[in-house]
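A.B. asks: return a 3D structure for these sequence lines:
(chains A and B)
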2 protein chains.
Amino acid sequence: MKPIKGVVFDLYGTLYDVHSVASLCSQFYPGRGLEISMLWRQKQLEYTWLRSLMGSYAPFEQVTDDALGFVSKQLKLNLTPGAHEALCNEYLQIKPYPEVPGTLAKLRSLGLPLAILSNGSRHSIRSVVNHSDLAPQFDYLLSVDEVSVFKPHHAAYELAEQRMGIARGDLLFVSSNAWDASGARHFGFTVCWVNRSGNTFDELGERPDRVIAGLDELVGLVGSASA
Amino acid sequence: MKPIKGVVFDLYGTLYDVHSVASLCSQFYPGRGLEISMLWRQKQLEYTWLRSLMGSYAPFEQVTDDALGFVSKQLKLNLTPGAHEALCNEYLQIKPYPEVPGTLAKLRSLGLPLAILSNGSRHSIRSVVNHSDLAPQFDYLLSVDEVSVFKPHHAAYELAEQRMGIARGDLLFVSSNAWDASGARHFGFTVCWVNRSGNTFDELGERPDRVIAGLDELVGLVGSASA
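C.D. replies: Numbers count the residues shown, from 1 in each chain, chains lettered A, B, ... in the order given. So this is what the prediction gives:
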């Protein structure tokens, strides 16, 4: 891997587990938590892509809220307004994957700037990192809300390059979302795909530079590439 | 509904049944036809949106081929090159829904120009309509290949307006894909959503002007709006 001067992380599904929402879904609908949270996540992503393409951007919180509205109708959940709100709020306090705090601490010690670049709004990103006490580990919290278009549009990735003042080719972008890793690679980042559960990489004409099974593997990788 | 001067149809899933591909999938993988064809269709759509957003357009045939490649790995199908090719070719001969030939004949008799506006390439569109002997019913076969971006990007919908020489507000756009109906409504068409199987409309900030359960209902609707 070529030398790198900074690391940019995706948030949802990469540092933080979006399906931790499933456990609250299960409290409302016993036995259906995963079904609900997976369709919710699927529609949430679709709506970010479709709104970006339509030229009809809306903040991530609204897209998340809209996606749950679809899921409630589609799966005939008859969600009460209170349950709907509780589920959306749960997205503000999703939990990091177990290896994340230790990995970030070790990466900090290497002296490289660390950033989050997320589809989430500034408010969402800040809520999530504060709730997990990880805010001090990041030099930059970057939201696509500033450019009003979601990843994988190039304007979203450009934010990291511009704000960090580091050329795209010198940045390592880390995501567990294959579509995001593809978009980042197409943009020109060096890309590491986190494949925790043996998923299949998407066929979008791009391949990640590295594939790891958990973020802890990043320490050795970044250590040797920044030495 | 306001008066209309022409009708624009989506092709895949609206005039033609994409899941007719499922029966060939079932021949290769008994009992798994629907599972395979549904994931294939899902990834095919995702890849059109993602490639458009990434600025990495590829023709529909390639996206369809790539999506099947993903499905084969993801579902561990071990598709042979021959089976892969046969399945992709099946997309060129998908079948129209039963009410389509009669409906088109009746709409023709009203004297309104009829068009297809599809994500498919010119070759794909022509193959499908020729195979079902419906080519003579259309005045325009329009492919997004001309603008190198897929629906729901506005440039794709603009093609119909420009080629037909009819303002968007005077055109009726007909699609069974809720995301497509939303994009078309956002663009400014009058929109009819075909909901054959009690689906839930997507939450993208738009609503169709009319909802019908089959294309045969279009005849009365268009007849009164063009009178």
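A.B. asks: CA only for contacts and neighbour counts going forward, please
C.D. replies: Fine.
A.B. asks: near chain B, which residues of chain A?
C.D. replies: Chain A comes close to chain B at residues A:46-47, A:49-55, A:66-67, A:69-70, A:73-74, A:151-154, A:179, A:183, A:186, A:199-204, as judged by Cα under 8 Å from any Cα of the partner chain.
A.B. asks: which of these are buried?
C.D. replies: A residue is treated as buried here by neighbour count (16 or more other Cα atoms under 10 Å in any protein chain shown); on that basis the buried members of the residues of chain A next to chain B are A:46-47, A:49-55, A:66-67, A:69-70, A:74, A:151-154, A:179, A:183, A:186, A:201-204.
A.B. asks: quickly list the domain ranges of chain A.
C.D. replies: Under automatic domain parsing, the residue ranges defining each domain of chain A are A:6-16+A:94-226, A:18-93.
A.B. asks: hmm, back to that, let's see which of the buried ones among the residues of chain A next to chain B end up in helices.
C.D. replies: Judged by DSSP state H, the subset of these located in helices is A:46-47, A:49-54, A:66-67, A:69-70, A:74, A:154, A:179, A:183, A:186.
A.B. asks: poorly predicted segments of chain A, please.
C.D. replies: Residues of chain A that meet the criterion pLDDT under 70 lie in A:226-227.
A.B. asks: so for B:L172, which of the domains of chain A sits nearest?
C.D. replies: Taking Cα to Cα as the criterion, domain A:18-93 is the member of the domains of chain A that comes nearest to B:L172, at 18.4 Å.
A.B. asks: give me the buried positions along stretch A:110-122.
C.D. replies: Going through stretch A:110-122 with 16+ other Cα under 10 Å, the ones that come out buried are A:L112, A:P113, A:L114, A:A115, A:I116, A:L117, A:S118, A:N119, A:G120, A:S121, A:R122.
A.B. asks: same deal with stretch A:71-78?
C.D. replies: By neighbour count with 16+ other Cα under 10 Å, stretch A:71-78 contains the buried residues A:V71, A:S72, A:Q74.
A.B. asks: how far does it stretch from start to finish?
C.D. replies: 10 Å (Cα to Cα, to the nearest Å).
A.B. asks: which outside residues touch stretch A:61-73?
C.D. replies: Contacts of stretch A:61-73 with the rest of the structure, by Cα atoms under 8 Å, 6 or more residues apart in numbering or on different chains, involve A:36, A:39-41, A:43-44, A:47-48, A:77-79, A:84, A:88, A:120-121, A:124, B:200-204.
A.B. asks: and if you look at stretch A:179-192?
C.D. replies: Stretch A:179-192 is touched from outside by A:2, A:151-154, A:157, A:168-175, A:193, A:202, A:204-212, B:50, B:54, with contacts defined as Cα under 8 Å, 6+ apart.
A.B. asks: 7 Å instead?
C.D. replies: Identification of contacts with stretch A:179-192 by Cα atoms under 7 Å, 6 or more residues apart in numbering or on different chains yields A:151-152, A:154, A:157, A:168-169, A:171-175, A:193, A:202, A:204, A:206-211, B:54.
A.B. asks: do the same with stretch A:36-43
C.D. replies: Contacting residues not belonging to stretch A:36-43 are listed as A:H19, A:V21, A:A22, A:C25, A:A67, A:L68, A:V71 [Cα under 7 Å, 6+ apart].
A.B. asks: which of the contacts of stretch A:179-192 are buried?
C.D. replies: Restricting these to buried positions leaves A:151-152, A:154, A:157, A:168-169, A:171-175, A:193, A:202, A:204, A:206-209, A:211, B:54, with burial counted as 16+ other Cα under 10 Å.
A.B. asks: tell me which of these fall in helices.
C.D. replies: A:H154, A:Y157, B:M54.
A.B. asks: coming back round to it: chain B: which of the buried residues of stretch A:110-122 is nearest?
C.D. replies: Distance from chain B was checked for each of the buried residues of stretch A:110-122 by Cα to the nearest Cα. The minimum falls on A:N119, at 14.0 Å.
A.B. asks: what number of residues lie near the closest residue to that closest one other than its chain neighbours?
C.D. replies: Beyond its immediate neighbours in the sequence, the residue positioned closest to A:N119 (Cα to Cα, 6 or more residues apart in numbering or on different chains) is A:V144, lying 5.4 Å away. By other Cα atoms under 10 Å in any protein chain shown, the residues close to A:V144 number 24.
A.B. asks: what's near enough to touch the residue sitting furthest away from the middle of chain A?
C.D. replies: Farthest-out residue of chain A from its mean C-alpha position, per Cα atoms, centre = their mean: A:N78, at 28.8 Å. Contacts for A:N78 were tallied using Cα under 7 Å, 6+ apart; they are A:S72.
A.B. asks: spell out the secondary structure type for it.
C.D. replies: Going by DSSP: H, G, I helix; E, B strand; the rest coil, the secondary structure assigned to A:N78 is coil.
A.B. asks: quick one: strands adjacent to the helix or strand harbouring A:I116?
C.D. replies: Element membership for A:I116, per DSSP states H and E: strand A:114-118. Strands that pair with strand A:114-118, judged by DSSP bridges, come out as strand A:6-9 (parallel), strand A:140-143 (parallel).
A.B. asks: after the strand or helix carrying A:V63, which helix or strand is next?
C.D. replies: Assessed by DSSP H and E, A:V63 sits inside helix A:60-74. Using DSSP H and E, the helix or strand that directly follows helix A:60-74 along the chain is helix A:81-90.
A.B. asks: buried sites along that next one?
C.D. replies: Going by neighbour count (16+ other Cα under 10 Å), the buried part of helix A:81-90 is A:H84, A:L87, A:C88, A:E90.
A.B. asks: in CSV: the residues you listed, plus distance to B:V222.
C.D. replies: Conversion of those to CSV gives the following (distance: Cα to Cα, whole Å):
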residue, distance to B:V222
A:H84, 39
A:L87, 43
A:C88, 41
A:E90, 46
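A.B. asks: and the two most separated of the residues you listed?
C.D. replies: Based on Cα to Cα, the longest span within these runs between A:H84 and A:E90 and measures 10.0 Å.
A.B. asks: A:G6: neighbour count?
C.D. replies: Neighbour count of A:G6, defined by other Cα under 10 Å: 22.
A.B. asks: now the one 5 residues further on
C.D. replies: A count of nearby residues for A:L11, using other Cα under 10 Å, gives 25.
A.B. asks: that one contacts A:G120, correct?
C.D. replies: No. Taking Cα atoms under 7 Å as the contact criterion, A:L11 and A:G120 are not neighbours in contact, 8.3 Å apart.
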